[in-house]
Structure formats: structure tokens, C-alpha cells
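> I need the structure of the sequence given here:
(chains A and B)
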Amino acid sequence: MSKNLSKIVGLTVSLAVLILLVSPPAGAAKTEIRVLCFAQGFAWPELFGTSGVDETERLKQFEEKEGLDVRIEWGDETAIRQKVAADLAAATGRYDLILVGTDGGVQTYGYGGFLEPLDKYLEEYPTEYFDPRDFFPSFLDANRVEGTLYALPYYSFGAGVMYRKDIFDKYGLTPPKDADELYEVLEALKSGLRGDGITDVYPVTMRGAPGEEPTLDVAGFVYAWAGYPAWFEGGATTPDQIRDKKAMPIFTGDFAPGFSAFVEISQEYGPPGIATHTWVDMMNIYAMGKAVILMPSAINAYAALGVTEDENVKKYTRFAKIPTGPGGKQIQSFWTFSLGMNKDSRHKKEAWKVLSFLMGKESMQAFAERTQWPNVTMKSVLYSDVLVKRYGMEEIKLNEESILEAEPFYFPYIPELNEYMDRIGTATSEAIAKMKSVDQVLSGLQTWALETMLRGGYYK
Amino acid sequence: MLVLVCIVAFPTFFLFYASLHEWVLFKRGMPFIGFENFARVLTSSEFLQSLKVSVIYTFSTTSLTFILGLGLALILNKELKGRGIMRTLIALPLVIPPVVAGFAWKFALNREVGVIGAYMLPAVGFMRSLLADPSLALGSIIMADVWSKTSLMFLILLAGLQVVSPDLYEAARIDGASSWQLFSHVTFPLIKPAVIIALIIRFIDAFNVFDTIFVMTSGGPGTATQTFPLLGWKIGFLYFNLGEAAALAIIMLVMTIGVGIFLIRRIT
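Below is the predicted model:
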């Protein structure tokens, strides 16, 4: 009898445990939207807290209102980029919203058919979280591949010269407006600093690490020096244009002057370790007061202002518009931190709600208030009190002018972009480090690009 | 068995499968292309450069950590005052994650702001950038790896030394053996199994190292410190060419097995 009772009790307990394990938890009726992203604690702390794993009241209210459960997964930028690639390749549909930068991710996944086009959502499911007209058009355009919108931007950056006004004033300099003036200013800074016996402050800090990172800036120099995106003949920037015109790579042609200028400025006026410097290094060097100019990715100086303990850096840093090159165009550096929707997502309409909330006006305003960076994507936020008070109307207007004058398609939007980015960046690093001459690295790039495009069937 | 199939056999089989197909993320389909991925990888200039870097890096770090680890193990196997503390100190780098160690070295060697690179070396007249100079970057990374991994060799070899009976040394000394003879005829033959294990583990570890190099130089300047794992990572996750990345992984697997067999046969 007692044996039977034990069996019954045991069975009942086991069943109860099983039911508890398999039954959905309270509130599980909510649709779960998974987001995969980097910048934990930096992106959306007003929603996920400074740890990135909290759930703030603001987020709870949104979830309650929309009947959704937002789950975000974070990681280091490199790791997340890998995870995105691996997940999309495996077509699991696990993540509804994924990070896709405009430096290869949007292009690769857009052309590959991994991302859900967003234009129809903008039209058919208008959101209360932002007014699409509030976005600066260039930031949305940067997320379009052949006219189709594949992602929405969170923060962004455009080109600019961030400089130390106190040091400029000391040597009687004003921000350069063109390439000639840029060289004059750099030379004056170099000789001035040397003359004063200052050996650990450099005229300029840029980034020259191997890999894709510096290419956003190198390509900006190429655009300004050639006057067009000089990667392929005739400035072709899409696969169709390359195919139709049978446009050959021109890395030994019009690409060369801008590339050479970037390398020369890095070697002559940059810090000694520049051939391995990433944005973190250029930011740190500027923050520590060891560089007079940071360019062309101005955002890294705004980041430096947030971490610097150098009072002069805080007090005397100013923004100026980026100079134009000999080709008559401004040097570029343009990127957006964007989220796209996974084509394999099983909850696309719900994912759209989350996407528009994450990229919405409230989020952008919270970003501006927290970081005090003017690298925002919406005009209303750029002109919000917090930024105007921080930088003054004049500097805000300069920032807006830079955004409006920016050309997001200053490099080609082709499926192979990621590999191009990496190879150009690595070639830049090689040339800056004098492992090879500029001619040698560009010749190598030309050969590789030609083989790649031939193999890709562009010239059939 | 099922677990082994799931976590070992299937991924390995899939790696071979992927290596024989053109699998590029932005292209539709996954056509069979035979050994074309292998041919492309083996004939690329990047492969040859990475082979050179990998061989120098692996040989240097394996041999240096072995020599240092063995030396330290021999010293600290003796009855010394403070032996316990010294053993703990030497083993300490092993518990520091390679990424953390890499960042620490990167900042220390940084020519602009690093304690060593910006202050100590310039103070003695050395003005070059250790990490951005192609002729110095690989050596700097080797140094960081040796600092980090000598303790592993030390611990394995110390464990090997501790099983050697002191009676054997005493008997050899009575027979008039010199210190070198003691080492070459008593110690070394008896710790050979530990040496083989230490060398194989270290070789595999050094050959596959990614984190330290990635955080210190990202393979640069240029490709001056780009080893096979960094090349594989680039092909797979930057170029999105998963087929070629799989081919490179198989080439690395064959190399690792080949060297492992060589080490076992040569030493035993």
C-alpha cells in the first residue's frame, strides 16, 4: 500500500514538474522579438539600462502597449558581426532584428536577400515613433541598396575636422578649407610643435589599422581627390552599372591620388603607431591631448570629449567642416549604426514595431541627451536644446551642413564590398607602415579586383 | 555515441562538405566545385604570407615557452626558499584571459601612450613603434605570447619532474655523473611523456592563436602578423566566403595532425 502511495505521489510530483517545465510562463502570450546588437550599455540604456540587460519602465510600457516581449542579445562588435553572419547563413530566423552597418553589412545582406525590405512597412504600417521626414535623407539613403531600404539608422557619423582651437590660435591657424590649406596647416603644426620642443603631440590622428575600418576614411579621400567614387571606371557604384559599362577597377588610376594623400598625411603628420590604429586609438590619442586634429570621422572626437580628463581638450575642441579635395568634393566619412529585419523573422509586423521604436525619436533624443554627441540622424534632435546648448547654434548648423553635403554613396554598393573594404584597409596599413610602396599595394589591389570581378561574372 | 556524432562527427563532416562547395553569403545556391576552394586558398599570396607568419610565430613561441618553462621547472623543482610563492607567481599569467593579456600588452607597448612604448623605450633612445613597425610587430606579439603561455609549459614540465625519483639522481651522482649528464641521461628521458604532451598542446595552441594577435594588431601592420586563424576569420566573416574558410580550416587541421604525429615520432 505504502509502495503504491509512493509511486502515486512520485508520479504526481513528476507530472507537476513536467507541466511546470513545458507550460508557458505568465505573460508568454506576448510575441517575443529578438534583437542582436553590439554597444551594450551604450545603445539604448534608457530601455535596457546601463548594464544592457535591465528592463526599464520605458521598455515595459512599450511592451505592455504593443503586447510584445523585447529580448536583446549583446556582444563585442566583431563577435556580433560574426554571429549575424552565422545566423543568417543558417537561416534560423532566431533573431528578428540584427545589426547591419553601412560599411558592408547592408550591402552584403541586402544583395544576398537576407534582409526584409522596409519601404512597404514605412508605407503600409506608419509608425507613431518617428516621422520619416525627420531623418536626414542621407542617413536613410545609406541604408538603401539599389533604392530599397533595408535598415534604419540609430546613430551615425559624417565627416568633419575636430581641432584644438588653442593650438590653432597659438600658431595663427584657421581650419583648412581645401587640400592645399590642409597640407599647409599640418606642416605649420608640425614645425610649430617641433620648434617648441613638443615631440609627443602630433598634428593629426587618423586610423590606419589593417581591415575594413580605415577604408571608410580612405574612400573619403579618394572621392575628394578624384571628384567621384573612383573605384571603377566612370564612377560605377552598383553591380548593374559595372556590368552595363563593363567598368574596370581603377585602383592604379584615379583611385591613387586620394589613397596616396591619406598615406602621406598619416606618415608625415600622424602618430608613429598609426598603421595599427583603430577608432579607439585615434579617440584615445585625441582625448589625451596628443593630437591637434582628428579627422575625417569627427564622431571619434565627440567620443573623446566624453572620456577625456584633459581640460584643454574639453575646453578648446571645435568642429569645422571637412576640406574639399582637388577633385572639388569634400572628404567623406559616413556610416550609420543600423538595424535591419531578418527576412526569416516569423514576426515581421511585430519586429517592425520594435524597430521603429528603437530607432524612433524618443530613442534618438535620449541618445543625444546622454552622449551629447551631435551624431544623430534626425533634424529635430540635432536642433534640440541639449545639443544647441552644448555646442552653440553655429556649430550645430555646421554639423547639419556637413550632413546635408555628405554623399553616402562615395564608395560602391556591391555585394563584394566587405572584401574590398578589408583589402583596401589592409593595403593602406601596409603602405603607411612602408612594408610596400603605394604603387605596389595599389597594383596588388588592381590585380585582385580585376580577378574578383571577372570571377564574379561582371564582364561577360 | 550520439553526443559524439552531434558535436564532433557532424561538424567535421559538414566542414568537408562546405569546403567542396562554393558557399558565399551574398550568392544564391551552394554549387559543388570540387577542390577549387583549396586551389584558391593555396595559391593566394595571403596564404603564403600567413604561412610564413604562422611558422615563425608557432616555432618561436613553442620553443621559447618550452625552453623557459623547462628552465623554470628545473629551478623550482629544487628545494628553494619561497618556492611556493615563486611557483604561484609564475603560474599567474595562465589565469589571465588571453584577450585581457593582449589588451594589456597593446596598451603597454603603444608608442603614443603606453608605459613601455611611449615612456620607457624612448627614455633609452628607442623611438620606433613596436606594434606598427613591420619588423618589430611579430616579435612583440611573440613576446606577449611567451609571457602569457610559459606558465603552461612550466606547470606541465614541473609535474613531469616531480615524478622522477630522487634516488635516481643520487645513484647517478655516485657514479660521477655531471649536471648535464644527469639532465640528459636521467631527467629528460624520464620526463619525455610530459615533454611530448607539453609540446603538442603548445603547438596546437600557438598554431590556432587568434585572440592575442587580434586585439594587439588585428594581423597588422598590413599583414605582418596575420596568422592562419586570422586569415580564416577574414575569409569567413569579412569576405563571407564560408567555402574557402572551410578549405583553410581543413588545411590547418591536416597541418596540425601532421606536426603532432611528427612530434610524437621524433621525440619517442
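> which other helices and strands contact the strand or helix carrying B:Ala73?
If you go by DSSP states H and E, B:Ala73 is part of helix B:45-76. Helix B:45-76 sits against helix B:83-91, helix B:134-161, helix B:188-207, helix B:228-233, with contacts defined as 3 or more Cβ pairs under 8 Å, 6 or more residues apart in numbering or on different chains; DSSP states H and E. Just so you know, the C-beta spots here come from the backbone N, C-alpha and C atoms, and that holds for glycine as well.
> for those, which one sits closest to chain A?
For chain A, the closest of the helices and strands packed on helix B:45-76 is helix B:134-161, at 4.7 Å, according to Cβ to the nearest Cβ.
> circling back to that earlier point, what's the angle from the helix holding B:Ala73 to helix B:188-207?
140 degrees (axes from the mean of the first three to the mean of the last three Cα atoms, to 10 degrees).
> since we're on the residue in the stretch 101-250 of chain B that chain A sits nearest to, how many residues are nearby?
Distances between the stretch 101-250 of chain B and chain A by Cβ to the nearest Cβ are smallest at B:Gly222, namely 3.1 Å. B:Gly222 sits with 28 neighbouring residues when counted by other Cβ atoms under 10 Å in any protein chain shown.
> residues touching the residue lying closest to it once chain neighbours are set aside, list them.
Spatially, and ignoring its direct neighbours in sequence, B:Gly222 is nearest to A:Glu430 (3.1 Å; Cβ to Cβ, 6 or more residues apart in numbering or on different chains). A:Glu430 makes contacts with A:210, A:436, A:441, B:221-223, as judged by Cβ atoms under 8 Å, 6 or more residues apart in numbering or on different chains.
> Then A:Gly360?
A:Gly360 neighbours (Cβ under 8 Å, 6+ apart): A:127, A:129-130.
> cutoff 7 Å now
A:129-130 (Cβ atoms under 7 Å, 6 or more residues apart in numbering or on different chains).
> That one and A:Glu123, how far apart?
17 Å (Cβ to Cβ, to the nearest Å).
> re the thing from before, now do the same for the residue nearest to B:Gly222: helix, strand or coil?
helix (DSSP: H, G, I helix; E, B strand; the rest coil).
> And the pLDDT at the residue in the stretch 351-460 of chain A that chain B sits nearest to?
Using Cβ to the nearest Cβ, the single residue of the stretch 351-460 of chain A nearest to chain B is A:Glu430, 3.1 Å away. Listed pLDDT for A:Glu430 reads 96.
> And for A:Ala28?
Predicted confidence (pLDDT) for A:Ala28: 54.
> Also A:Leu149?
97.
> three-state assignment of A:Thr336?
strand.
> hang on, it packs against A:Ala142?
Yes - using Cβ atoms under 7 Å, A:Thr336 is in contact with A:Ala142, at 5.3 Å.
> what do the two both touch?
By Cβ under 7 Å, 6+ apart, the residues touching both A:Thr336 and A:Ala142 are A:Thr102.
> ok but A:Cys37 is inside a helix, no?
No - per three-state DSSP, A:Cys37 lies outside any helix segment and is strand.
> List the residues that contact the nearest residue to it once chain neighbours are set aside.
Among residues not flanking A:Cys37 along the chain, A:Leu99 sits closest, at 4.8 Å (Cβ to Cβ, 6+ apart). Contacts were defined as Cβ under 7 Å, 6+ apart; by that measure A:Leu99 touches A:36-38, A:80, A:84, A:339.
> With respect to chain B, which of these is nearest?
Closest to chain B, out of all of these and judged by Cβ to the nearest Cβ, is A:Val84, at 9.5 Å.
> Around chain A, pick out the residues from the stretch 151-268 of chain B.
Selection of the stretch 151-268 of chain B residues close to chain A by Cβ under 7 Å from any Cβ of the partner chain yields B:217-224, B:234, B:237-240, B:242.
> Tell me which residues of stretch B:178-193 come out buried.
Using 16 or more other Cβ atoms under 10 Å in any protein chain shown as the test for burial, stretch B:178-193 gives B:186-187, B:191.
> same deal with stretch B:137-157?
B:137-138, B:140-157.
> returning to what we had before: does the residue of the stretch 101-250 of chain B closest to chain A sit in a helix or strand, and which one?
Here B:Gly222 is assigned to no helix or strand, by DSSP H and E.
> That one contacts A:Lys434, doesn't it?
No - look at B:Gly222 against A:Lys434 with Cβ under 7 Å: they stay out of range, at 9.6 Å.
> about what we covered before: among the residues of the stretch 151-268 of chain B next to chain A, name the buried ones.
Looks like these have B:217-224, B:234, B:237-240, B:242 buried, using 16+ other Cβ under 10 Å.
> between the residues you listed, which is closest to A:Lys190?
Taking Cβ to Cβ as the measure, B:Pro221 is the one of those closest to A:Lys190, at 21.9 Å.
> and the gap between that closest one and A:Ile274?
9 Å.
> Would you mind listing the residues touching both of those two?
Common neighbours of B:Pro221 and A:Ile274 (Cβ under 7 Å, 6+ apart) are B:Ala132.
> related to what we said a few turns ago, just name the closest of the contacts of A:Glu430 to B:Arg202, please.
B:Thr223 (24.3 Å).
> show me what contacts that closest one?
Contacts of B:Thr223 by Cβ under 7 Å, 6+ apart are A:210, A:426, B:46, B:49.
> so what's the first one closest to, chain neighbours aside?
Yep, that's A:Pro210 we're talking about. Per Cβ to Cβ, 6+ apart, closest to A:Pro210 is B:Gly220, 3.5 Å.
> That neighbour touches A:Arg207, doesn't it?
No - in this structure, B:Gly220 is not within contact of A:Arg207 by Cβ under 7 Å, at 11.4 Å.
> And for residue 211, the neighbour number?
No chain was given, so I picked chain A. The burial count for A:Gly211: 24, using other Cβ under 10 Å.
> Not quite, go with chain B.
So B:Asp211, with other Cβ under 10 Å, has 15 neighbours.
> what's the closest non-adjacent residue to residue 80?
In the absence of a named chain, this looks at chain A. Per Cβ to Cβ, 6+ apart, closest to A:Ile80 is A:Phe38, 4.3 Å.
> Switch to chain B, please.
B:Leu80's closest residue in space is B:Met86 (Cβ to Cβ, 6+ apart), at 7.4 Å.
> can you list the residues that contact the strand or helix carrying A:Val381?
Here A:Val381 sits within helix A:379-382, counting by DSSP H and E. Identification of contacts with helix A:379-382 by Cβ under 7 Å, 6+ apart yields A:134, A:136, A:361, A:364-365, A:368, A:374, A:376, A:396, A:399-400.
> ok, stretch B:124-140 near chain A or not?
Yes - Stretch B:124-140 reaches chain A (Cβ under 7 Å from any Cβ) through B:129, B:131-132, B:134.
> Now for A:Ala236, how many residues are close by?
Neighbours of A:Ala236 (other Cβ under 10 Å): 24.
> and chain A, which residues reach chain B?
So chain A meets chain B at A:81-82, A:85, A:89, A:108, A:111-112, A:209-212, A:271-276, A:284-285, A:288, A:290, A:415, A:418-419, A:422, A:426, A:429-430, A:433, A:435 (Cβ under 7 Å from any Cβ).
> What is the nearest of the contacts of B:Thr223 to B:Ala249?
Distances from B:Ala249 to those, taken by Cβ to Cβ, are shortest for B:Glu46, at 15.1 Å.
> ok, and what's touching stretch A:250-257?
By Cβ under 7 Å, 6+ apart, stretch A:250-257 touches A:222, A:225-226, A:230-233, A:442-443, A:445-446, A:449.
> List only those of the residues you listed flagged as buried.
A:222, A:225-226, A:230-233, A:442, A:445-446, A:449.
> element containing the residue lying closest to A:Ser297 once chain neighbours are set aside?
Of all residues not flanking A:Ser297 in the chain, A:Ser333 sits nearest, at 4.3 Å (Cβ to Cβ, 6+ apart). Secondary structure assignment for A:Ser333, by DSSP H and E: no helix or strand.
> measure A:Ser297 to chain B for me?
As judged by Cβ to the nearest Cβ, to the nearest Å, A:Ser297 and chain B stand 17 Å apart.
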